[in-house]
Every structure is written in C-alpha cells, then in structure tokens.
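Undergrad: Return a 3D structure for these sequence lines:
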Amino acid sequence: MNRSISLTRSNMYLSEELPVFVNRITESFQLEQHRHEFVELNYVSEGKGFHYIEGIRIAVAKGDLFYLPIGVSHVFRPSTPAPGEGRLIVYNCLFNAAFASIISRFFDEEHELNQIVNMKFPEQPYLHIREWEGIFQQSFDLMFEEFQQRRSNYLPLLQAEIIKVLIHMKRIKDDPLINSNSQNKAISSVEIIANHIKRQPRDVLTIKEYADEVGISERHFQRQFKERFSMTFLEYVHKCRIELSCELLRTTTEKVSSIAQQVGYKDLKYFNQLFKKITGLTPHAFRTHV
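TA: As a prediction, the model looks like this:
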C-alpha cells in the first residue's frame, strides 16, 4: 500500500537566528516517511535497524553516516518493534539553505563539496558512508553538547564540525584504500567497541551483535579482538568489569552485592570467584587492603 509522504517544513526546527539544529533520538515506528526543506546529516550512534530512502531499504548500524540534500524522502526504523529490543539511536544535524551557503564559501566554486551542499535532490543524490575510526562519533557528540548548552560562539563551532564531517565524508568516499581495506576496518572497529566496553562494561552486547555491527563473521571478530588485545573478548569484558568494581570498592561504601550488580554480574558467588581469580583477593579483602 502506498502511503503519502509528508513535508517537514524548515521553520519547524530552524530560523534566521537558529540556522542549525542537532538532536539525538531513539528511532521508533511512529514517524512516517517524509521529505524536508533543509539539509540533514544522520549518524547512527548505537544499535542497528534500517534506513528507508526513496523506496530503498538500507541496513544500518553504528558508524553509518548519511548526507541528505533538500527534497529526499526517508525514515529510520529499528530492527524490531519489540519494546526494549533492537534499539536504534541516531544523531540528526539539520541546517538550512542559508547556512549551507555559508559553509560552501570555504570551498572553491568548482569544489565538489561546494556543489553538494548547495544542490537539491535529485540533482544531488543522497550519500551513504560507513566510518570505522570514530571520527564522526566524536564530531556528533560535540555538536550535540554544544547545541544543548549553546555557550558563546557555539554556531561557529558547529559550522567547523559540520565542515570537518563533510571533508572526512568526502575522503572516505574518494579513497579506494579506505573503502577496500577490510582488515584495517575490522581492527579499527574492534578498538572502538573495546573503548565503549571499557567506559560502560555493564552494557555489553553479544559477540554476534558486535560482529553484525562491524559487518564481519563472529569468528573473524573474535580473532581480530584477540590479535589486538592478546585476550579473548570475554576475558576483556571480565577485566573491564573487575577494574570498575575495584574502583567502586575503593571509592564507595556500597555492598559487594550492589557493586556486582552495577558492573554486570547477577550471580554474587560467580563475581567473588572471578574477582579473586583476577586480583588474587576477595572483594572484602581488597577493600580492607586499599
């Protein structure tokens, strides 16, 4: 059944005083496919799902970036409608034609990026890039924070980050080595995943889910992980969790059972055994000796 595609007006988000808008949303099945009167950059920050653009369904995961010129119809969908499953979190950076014109001044008149930011769909097609180094994630994290806080000179900073994203997007698009060297991609993505686990060791996905995000087999993911960190994926997760529990034992007075839950272990007996295996002490002895 064909559904009508709505038009999202520029004045819903943008104005002369606010030519840029940045948000971070958990996608659902509520929003209908739509076109918009502004340029949009989408970055998949967490999870996986699908991006429907002009009748084409594209599987997406962390690291996917889309450049959507004015006039493209699209909508994101998580991988499943089941509550609590298939979460898909996307950053959106919107800017109007006037802001696009300001950005284009940084490039020569014949530069491809000058044309990209000033042309509308279908003359300018949408662009899809998958990036593995975490550069886009850093830029969108910063843009979201700056937009939320709106400190002095935040608009020039947003402008600089958008230009940075566009330049990096163009490099990936044009560099055959970046796009063909799957070995380097796998290694880079494994490092990104490892850094995320180190920061949030409780919220760990399965090996299959991480391998799917990276776009490689589970076996290849595990091999890359062990080559990079000289330990298995599970050993690395346990290491990060026990390191966090040590920090909590040193800096809080919370019960050991509560700390075990916080770092991702429901079974207290298993946590105690693992803690002693890694540190040589029980949690209570560790707290006493530090």
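
Undergrad: ok, residues contacting stretch 45-56?
TA: In this structure, residues lying in contact with stretch 45-56 by C-beta atoms under 8 Å, 6 or more residues apart in numbering are 24, 27, 33, 42, 57-62, 64, 66, 68, 72-79, 86-91, 126, 137, 140, 209, 212-213. No exception for glycine: its C-beta is placed from N, CA and C like everyone else's.

Undergrad: So which bits of that stretch are buried?
TA: 45-51, 53 (16 or more other C-beta atoms under 10 Å).

Undergrad: Switch these over to CSV; also include secondary structure.
TA: Shown next, in CSV, are the buried residues of stretch 45-56 (DSSP: H, G, I helix; E, B strand; the rest coil):
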residue, secondary structure
Ser45, strand
Glu46, strand
Gly47, strand
Lys48, strand
Gly49, strand
Phe50, strand
His51, strand
Ile53, strand
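
Undergrad: Just put those in a markdown table and tack on pLDDT and distance to Glu112.
TA: Formatted as a markdown table, these follow (pLDDT from 0 to 100; distance: C-beta to C-beta, whole Å):
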| residue | pLDDT | distance to Glu112 |
| --- | --- | --- |
| Ser45 | 93 | 27 |
| Glu46 | 89 | 31 |
| Gly47 | 86 | 31 |
| Lys48 | 84 | 30 |
| Gly49 | 90 | 30 |
| Phe50 | 92 | 28 |
| His51 | 95 | 23 |
| Ile53 | 94 | 21 |
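
Undergrad: closest to Ala194 among those residues?
TA: For the buried residues of stretch 45-56, the closest approach to Ala194 (C-beta to C-beta) belongs to Glu46, at 15.8 Å.

Undergrad: what bridges to the closest one?
TA: Ile89 (DSSP bridges).

Undergrad: Could you shift the numbering so residue one becomes 55, and keep it that way?
TA: Shifting the count to begin at 55 puts that one at Glu100.

Undergrad: ok, back up a step: the buried residues of stretch 99-110: which two are farthest apart?
TA: Greatest spacing in these, by C-beta to C-beta: Glu100 and Ile107 (20.2 Å).

Undergrad: So the residue nearest to Gly125 when sequence neighbours are not counted, which state does it fall into?
TA: Distances taken as C-beta to C-beta, 6 or more residues apart in numbering place Phe175 nearest to Gly125, at 3.8 Å, with adjacent residues excluded. Per three-state DSSP, the secondary structure class of Phe175 is coil.

Undergrad: Could I get the contacting residues of Phe175?
TA: Each residue near Phe175 by C-beta under 8 Å, 6+ apart is listed here: 122-126.
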